[in-house]
Every structure is written in C-alpha cells, then in structure tokens.
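Student: no letters, just coordinates:
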C-alpha cells in the first residue's frame with residue numbers, strides 16, 4: 001500500500017470521526033423519544049444537523065471530499081488537489097469553530 005492510499009484512508013477516517021463526534025456533541029439525548037423521531041428530524045433538517053451546519057459547516061464538506069477521495073482512488077492526479085482542499089477546509093473550519101466558541105463564551 002503506497003503513501004497516497006494510506007493518507008486517503010486516513011482522511012476518510014478523520015472525516016467520519018469528526019462528523020460523529022460533532023453529531024453526538026449537538027445531539028441532546030432527552031430530545032428524542034424514539035429512533036424514528038431522530039431519523040425523521042434528520043430528513044427535515046432539524047435538531048443536531050442544523051446546529052452542526054451553523055457551528056461547524058466544514059463537517060459536511062469534509063465528508064463529501066472524503067467520499068470523492070474514495071471514489072477517485074485510481075486517479076492520483078485528481079486525488080492530490082482534493083487532499084489539499086480537504087486540509088484547507090479542515091484548518092479553516094476548525095478556526096471558524098474556535099472563533100464561534102470564543103464569541104459564545106466571551107459574548
């Protein structure tokens with residue numbers, strides 16, 4: 001396995017962990033009475049998914065780019081620019097989230 005494939009898989013794993021951790025952070029356990037209610041809110045784009053869009057919009061872009069990296073695994077010329085875009089979104093999105101947390105705490 002070459003270095004590019006390892007980094008590509010690492011980006012996909014980081015994106016998935018990032019999405020799950022932010023989802024669990026924004027999800028309020030007593031908010032939902034059943035699993036079906038949670039799924040229904042996901043399709044109506046309410047609840048934790050909307051909170052994630054405001055506080056950390058980079059999560060959605062990182063997930064889409066991770067899927068793109070996985071689909072383009074046979075084309076290394078297309079993968080390298082996507083990896084750079086993913087890294088830039090990760091850095092800028094983390095800065096946005098830190099700034100938002102700072103503003104909320106020091107309001």
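Tutor: Here it is on my side, so go on. What you see is a predicted model, and the numbers here were worked out from it, not measured in a lab.
Student: ok now the helix or strand where residue 104 lies, how far from the chain's centre?
Tutor: Assessed by DSSP states H and E, residue 104 sits inside helix 76-106. Remark: helix 76-106 is offset 10 Å from the chain centroid, using CA atoms, centre = their mean, to the nearest Å.
Student: buried residues in it?
Tutor: 79, 82, 86, 89, 90, 93, 97 (16 or more other CB atoms under 10 Å). Placement of C-beta: from N, CA and C, glycine included.
Student: with stretch 65-77 instead?
Tutor: 65, 66, 69.
Student: check which helix or strand the last one maps to.
Tutor: Following DSSP H and E, one finds residue 69 within helix 58-71.
Student: next, the angle from that helix to helix 76-106.
Tutor: Helix 58-71 and helix 76-106 are oriented at 170 degrees to each other (axes from the mean of the first three to the mean of the last three CA atoms, to 10 degrees).
Student: tell me the first helix or strand C-terminal of the lowest-mean-pLDDT helix or strand in the chain.
Tutor: For the chain, counting by mean pLDDT, DSSP states H and E, helix 35-44 ranks last in confidence among helices and strands (a mean of 68). Moving toward the C-terminus from helix 35-44, the next helix or strand (DSSP H and E) is helix 48-55.
Student: distance from that next one to the middle of the chain?
Tutor: Using CA atoms, centre = their mean, the offset of helix 48-55 from its chain centre is 11 Å.
Student: counting by contacts, list what it packs against.
Tutor: helix 3-26, helix 58-71 (3 or more CB pairs under 8 Å, 6 or more residues apart in numbering; DSSP states H and E).
Student: can you redo these as a markdown table with distance to residue 102?
Tutor: Formatted as a markdown table, the helices and strands packed on helix 48-55 follow (distance: least, CB to CB, whole Å):
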| stretch | distance to residue 102 |
| --- | --- |
| helix 3-26 | 17 |
| helix 58-71 | 17 |
